[in-house]
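K.L.:
this one's structure only:
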Ligand SMILES: *Cc1c(COP(=O)(O)O)cnc(C)c1O
């Protein structure tokens, strides 16, 4: 049997681990921050009939510029954005990868603030970009001073600011983003995968006059559209031109475009669960504390909580009760997604049972 190490793999990929959140079939999956509320039948029907219509011309390549989808995304985001400021890809992970392809690469470096989204370093290694992690402050908070000092020290080609931050849930202020932009000579990417759950202002308001600023968004989380793989960015039209240099032609399939356009026609319905998810998140913050854990402030649809003496053991015992959470590898913590009211209740009950034992 051939093993990976027998192959003439690029040196920079030797010994690396792939992204690998466990995909297990359990009654209550609260491990990858999906929107777990069921989709409405009306939306499903419109998606299906739109995809069916797209099938009639599936012998032809799709619109390489996905103009209709970009128009729909621009009008969803508001802020007076135009379609030439929008770009989309198969998930915001592909958006990030295209950013690294265009602005990173050999001899270049990216900077994140640990702990943060694990894909940043994986995409960096896949594009042969050096990746550095600066430390966060108290309780994973960032300040304008901390952010600009790290950027001035490392002079990265790409700065990654995750707002709110995964896996900690920490909100990020516009002042931090402004300070990052002023300190950076390279691109500043604000990853707003969880923006719809946040009460903070979006970095989109900072776009005018900041051509090196990029706001990355996704339909995977609040939009309940993770399986469709649709991410997008808002930025200066010149950034969109840069994306055209590295994208594969026709990278967004006709089915993806049709499904995403249909979903955006129903954005109000799809986002209807957001209020309840925020309520469940706030409930997790309160109840976890009551159970003696130490939840971190969260502006997203998940909560990281400390005070777990043996995370792997608790993870396994919750799994035995049909509840899948995430061990992100931070000492004495676990992360849980805010699900439906019933799922949240089951998670809290299972955890309380473990505490009692
Ligand atoms: C989930 C997540 C994404 C979304 O990835 P998709 O490829 O759009 O599904 C991006 N950034 C962060 C921080 C995330 O947690």
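P.N.:
Received, thanks. Bear in mind the structure is a predicted one, so any value in this text is a computation, not a measurement.
K.L.:
Do me a favour and average the pLDDT over stretch 79-98.
P.N.:
Confidence over stretch 79-98 (mean pLDDT, whole number) is 98.
K.L.:
wait, stretch 136-146
P.N.:
Computed over stretch 136-146, the average pLDDT equals 98.
K.L.:
Could you double-check that residue 223 lies in contact with residue 263?
P.N.:
Yes - counting by CB atoms under 8 Å, residue 223 does reach residue 263; the two are 6.4 Å apart. Where C-beta positions appear, they are placed from N, C-alpha and C, glycine not excepted.
K.L.:
Spit out the residues that contact these two alike.
P.N.:
residue 270 (CB atoms under 8 Å, 6 or more residues apart in numbering).
K.L.:
tell me which residues in stretch 43-52 are buried?
P.N.:
By 16 or more other CB atoms under 10 Å, the buried positions in stretch 43-52 come out as 43, 46-47, 50-51.
K.L.:
excluding its backbone neighbours, what's nearest residue 114?
P.N.:
Counting by CB to CB, 6 or more residues apart in numbering, residue 114 lies nearest to residue 133, which is 3.8 Å off, once chain neighbours are set aside.
K.L.:
Just give me the neighbour total for that neighbour.
P.N.:
Around residue 133 there are 17 other residues, counting by other CB atoms under 10 Å.
K.L.:
Can you tell me the strand partners of the strand or helix carrying it and which way each runs?
P.N.:
Using DSSP states H and E, residue 133 maps to strand 130-135. Applying DSSP bridges, strand 130-135 is found paired with strand 109-114 (parallel).
K.L.:
Is the partner strand in proximity to the ligand?
P.N.:
No - Strand 109-114 is not in contact with the ligand by CB under 6 Å from any ligand atom; minimum separation 10.4 Å.
K.L.:
Next secondary structure element downstream of that strand?
P.N.:
Sequence-wise, the next helix or strand downstream of strand 109-114 (DSSP H and E) is helix 119-126.
K.L.:
ok, and for that following helix, which residues are buried?
P.N.:
Using 16+ other CB under 10 Å as the burial criterion, the residues of helix 119-126 that qualify are 119-124, 126.
K.L.:
ditto for stretch 165-177
P.N.:
Within stretch 165-177, the residues that qualify as buried by neighbour count (16+ other CB under 10 Å) are 165-174, 176-177.
K.L.:
What is the burial count for the residue in the chain that the ligand sits nearest to?
P.N.:
Sorted by distance to the ligand under CB to the nearest ligand atom, the residues of the chain start with residue 91, at 2.6 Å. Neighbours of residue 91 under the rule other CB under 10 Å: 21.
K.L.:
follow-up on the earlier one: farthest-apart pair in the buried residues of helix 119-126, please.
P.N.:
Based on CB to CB, the longest span within these runs between 120 and 126 and measures 10.9 Å.
K.L.:
residues from the chain in reach of the ligand?
P.N.:
Of all the residues in the chain, those lying near the ligand are 33, 91-93, 117, 162, 166, 191, 193, 218, 220-221, 226, 231, going by CB under 6 Å from any ligand atom.
K.L.:
repeat that with 8 Å
P.N.:
Applying CB under 8 Å from any ligand atom, one finds that the chain approaches the ligand through 32-33, 90-96, 116-117, 119, 162, 165-167, 191, 193-194, 216, 218-221, 226, 229-231.
K.L.:
Just the buried ones from these?
P.N.:
The neighbour-count test (16+ other CB under 10 Å) applied to these identifies 32-33, 90-96, 116-117, 119, 162, 165-167, 191, 193-194, 216, 218-221, 226, 229-231 as buried.
K.L.:
In strands, which of these appear?
P.N.:
Counting by DSSP state E, those place 162, 191, 216, 218, 231 in strands.
K.L.:
Okay, angle between the strand holding residue 133 and helix 119-126 too, please.
P.N.:
In terms of direction (axes from the mean of the first three to the mean of the last three CA atoms, to 10 degrees), strand 130-135 departs from helix 119-126 by 160 degrees.
K.L.:
Report the next helix or strand after strand 130-135 in sequence order.
P.N.:
The element immediately downstream of strand 130-135 (helix or strand, assigned by DSSP H and E) is helix 144-154.
K.L.:
Redo the buried residues of helix 119-126 as a markdown table? Include pLDDT.
P.N.:
As requested, the buried residues of helix 119-126 are arranged in a markdown table below (pLDDT from 0 to 100):
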| residue | pLDDT |
| --- | --- |
| 119 | 96 |
| 120 | 98 |
| 121 | 96 |
| 122 | 95 |
| 123 | 97 |
| 124 | 97 |
| 126 | 95 |
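K.L.:
Can you point out the helix or strand that includes residue 63?
P.N.:
Using DSSP H and E, no helix or strand contains residue 63.
K.L.:
close enough to count as contact, it and residue 256?
P.N.:
No - taking contacts as CB under 8 Å, residue 63 lies outside contact range of residue 256: 11.2 Å.
K.L.:
more crowded one of the two?
P.N.:
Using other CB under 10 Å, the more surrounded residue of residue 63 and residue 256 is residue 256, with 21 against 14.
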